[in-house]
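**Q** Predicted model and sequence follow; I will ask about them next.
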Amino acid sequence: MARKTVPLTNTQVKQAKPSEKVRKLFDGDGLQLLVKPNGSKLWMLDYTHPITGKRSSISFGPYPALSLADARKKRAEAKELLVSGLDPKEHKDDLLREKQLAASYTLQSVTTDWFKVKKEKVAETTARSLWRHFENHVFPKLGHRPIDKLLAPEVISVLKPLAAKGSLETTSKIIGNLNQVMKFAVNTGLLHHNSLAGIGSAFDSPKVTHMPTLRPEELPELMKAINYASIKLITRCLIEWQLHTMVRPREAAEAKWSEIDFENELWVIPAERMKMKIEHIVPLTRQTLSILEIIKPVSAHREYLFPSDRHPTKPSNPETANKALQRMGFKGRLVAHGMRSIASTTLNEQGFDGDIIESALSHQEQNEVRKAYNRTQYIERRKALMYWWSEHIENAITGKIPAITNVKQFKAV
């Protein structure tokens, strides 16, 4: 008959003395205490691998940090794993690797991975501003935190001082981008849920401030100012080009001759230059082609339509039009981006199809199928809209915009 192991007592464990060789004190069911020659004590469990049938062992930890009672609990847990067909040592190693992996996925490292994707979808200036907000307001106190340990209260606490200074718009942008990072972590399997989903409710909403713009009936005033302003030819043509084409200031300022398709009378702006990273096609009208003819002697031999005055090999600064408008007396009334609003308001008031207007303004269409339809089917209708808008601007130069009675002929394609 096999001899039954007598369980250890706390006194035996505490008073176990070292010897020249490692001593083993058995507690039963594979649990044992190793007493090393240097006096240290270690709990070990011998067991049979549930798959291979080979003998194996696992360390539970040192005594007295791990008591006899705690060692027995770990033995019971290991036995449960064995019954389930799991190797306790492999299970322990897996948990350790998961913890190490989770610790390596800090907020800053995950944000960096997210930003590699994000920056390809937004304008370069937007990307720089976005990253600067993280560097200035998030990473110093939260960048080192494992993303799965982030809690809403600590993030709110970090952003409170920024909001208290009145920077509500910046705070709102950071919160939005933080939530995008967390969703990225969920979608890539790093998190099970977004713990920051509701932090926006802890802050006041920023007041909406619209870009200064003019009412449609004030367009003649603008055209008169442009015609009589003491500004450089390139600047004048840049402002008119942006007004006619309805593009954003940077898209206009950085326009290249290589983007102009004279044969088909189109301006094809590549995706990498667009805010939404989608190629945009602008039908050229008689008036915009005339602008190109005016600036050909100045810049046709260069890369950009509107070269910088000081550095002709570089494009005009996107702020050039803004500064010129300020000098013309429109400070606080109109910014370059606001010229898009003049066009949008006018075209909507004249009853043009809203989808065509949005397409002309290069606003991203969320529905992929509809977006593809816009690119292929809407181009002819967009031509009609652009022709009407350029004629409207030309009429405004006289200071007298006639009542529109022929809109239908421009809309019907």
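**A** That came through fine.
**Q** give the contact list for the nearest residue to L159 once chain neighbours are set aside.
**A** Spatial nearest neighbour of L159, chain neighbours left out: T171 (5.6 Å); criterion: CB to CB, 6 or more residues apart in numbering. Quick note: C-beta positions are derived from backbone N, CA and C, even for glycine. By CB atoms under 8 Å, 6 or more residues apart in numbering, the residues touching T171 are 159, 162-163, 203, 206.
**Q** what's the closest of these to Y47?
**A** Closest approach between those and Y47, by CB to CB: L159, at 50.6 Å.
**Q** Wait, a helix at the closest one?
**A** Yes - with DSSP: H, G, I helix; E, B strand; the rest coil as the criterion, L159 is part of a helix.
**Q** burial measure for it, as a count.
**A** 24 (other CB atoms under 10 Å).
**Q** didn't it look like it was pressed against K173?
**A** No - if you go by CB atoms under 8 Å, L159 and K173 don't touch, sitting 11.0 Å apart.
**Q** just how off-centre is the helix or strand containing the residue nearest to L159 within its chain?
**A** Using DSSP states H and E, T171 sits in helix 168-187. Relative to the chain's own centre, helix 168-187 is displaced by 8 Å; criterion: CA atoms, centre = their mean, to the nearest Å.
**Q** average pLDDT across that helix?
**A** In this model, helix 168-187 has a mean pLDDT of 94.
**Q** Any buried residues in whatever helix or strand comes next after it, and which?
**A** Downstream of helix 168-187, the first helix or strand assigned by DSSP H and E is helix 219-228. Of the residues in helix 219-228, 219-223, 225-226 count as buried by neighbour count, 16 or more other CB atoms under 10 Å.
**Q** what's helix 219-228 in contact with?
**A** 214, 236, 239-240, 328-330, 334, 342, 346, 392-393, 396-401.
**Q** just the buried members of those?
**A** Those of the contacts of helix 219-228 that meet the buried threshold are 214, 236, 239-240, 328, 330, 334, 342, 346, 392-393, 396-397, 401, by 16+ other CB under 10 Å.
**Q** Could you list which of those belong to helices?
**A** Secondary structure defined by DSSP state H assigns 236, 239-240, 342, 346, 392-393, 396-397 of the buried ones among the contacts of helix 219-228 to helices.
**Q** can you pull out the strands in this structure?
**A** 23-28, 31-35, 41-48, 55-63, 260-261, 266-269, 280-283 (DSSP state E).
**Q** Of all those, which one is nearest S299?
**A** strand 260-261 (11.5 Å).
**Q** Now do that closest one: which elements does it pack against?
**A** strand 266-269 (3 or more CB pairs under 8 Å, 6 or more residues apart in numbering; DSSP states H and E).
**Q** List the buried residues of the strand it packs on.
**A** So for strand 266-269, counting by 16+ other CB under 10 Å, buried means 266-267, 269.
**Q** Closest one of those to G30?
**A** Nearest to G30 among the buried residues of strand 266-269, counting by CB to CB, is I269 at 72.2 Å.
**Q** From what I see, the closest one and K277 are in contact.
**A** No - in this structure, I269 is not within contact of K277 by CB under 8 Å, at 11.1 Å.
**Q** okay, now E217: neighbour count?
**A** Neighbours around E217, by other CB under 10 Å: 10.
**Q** and it, how far is that from T320?
**A** Separation of E217 from T320 (CB to CB, to the nearest Å): 27 Å.
**Q** separation between Y304 and R128?
**A** When Y304 is compared with R128 (using CB to CB), they lie 21 Å apart.
**Q** So the chain: which segments form each domain?
**A** If you go by automatic domain parsing, the domain ranges for the chain are 10-96, 107-202, 216-411.
**Q** Give me the pLDDT value at L219.
**A** Looking at L219, the pLDDT reads 93.
**Q** I figured S40 hits G61, correct?
**A** No - applying CB under 8 Å, one finds S40 not in contact with G61, separated by 11.5 Å.
**Q** give me every residue that touches I147.
**A** By CB under 8 Å, 6+ apart, I147 lies in contact with 105-107, 110, 181-182, 185, 190-191.
**Q** Next up, the contacts around the residue most central in space within the chain.
**A** The structure's the chain has its C-alpha centroid closest to K118; by CA atoms, centre = their mean the separation is 4.1 Å. Residues near K118 by CB under 8 Å, 6+ apart: 127, 130, 180.
**Q** hmm, 6 Å instead?
**A** Applying CB atoms under 6 Å, 6 or more residues apart in numbering to K118 gives no contacts.
**Q** Can you tell me how far it is from K277?
**A** 11 Å.
**Q** Skipping its backbone neighbours, what lies nearest A197 in space?
**A** Leaving aside its sequence neighbours, A197 sits nearest to N179 (CB to CB, 6+ apart; 6.5 Å).
**Q** neighbours around M182, how many?
**A** If we define neighbours as other CB under 10 Å, then M182 has 25 of them.
**Q** Around the nearest residue to it once chain neighbours are set aside, count how many other residues there are.
**A** Spatial nearest neighbour of M182, chain neighbours left out: N194 (4.1 Å); criterion: CB to CB, 6+ apart. Look at N194: counted by other CB under 10 Å, it has 19 neighbours.
**Q** Same question for V117.
**A** By other CB under 10 Å, neighbour count at V117 equals 10.
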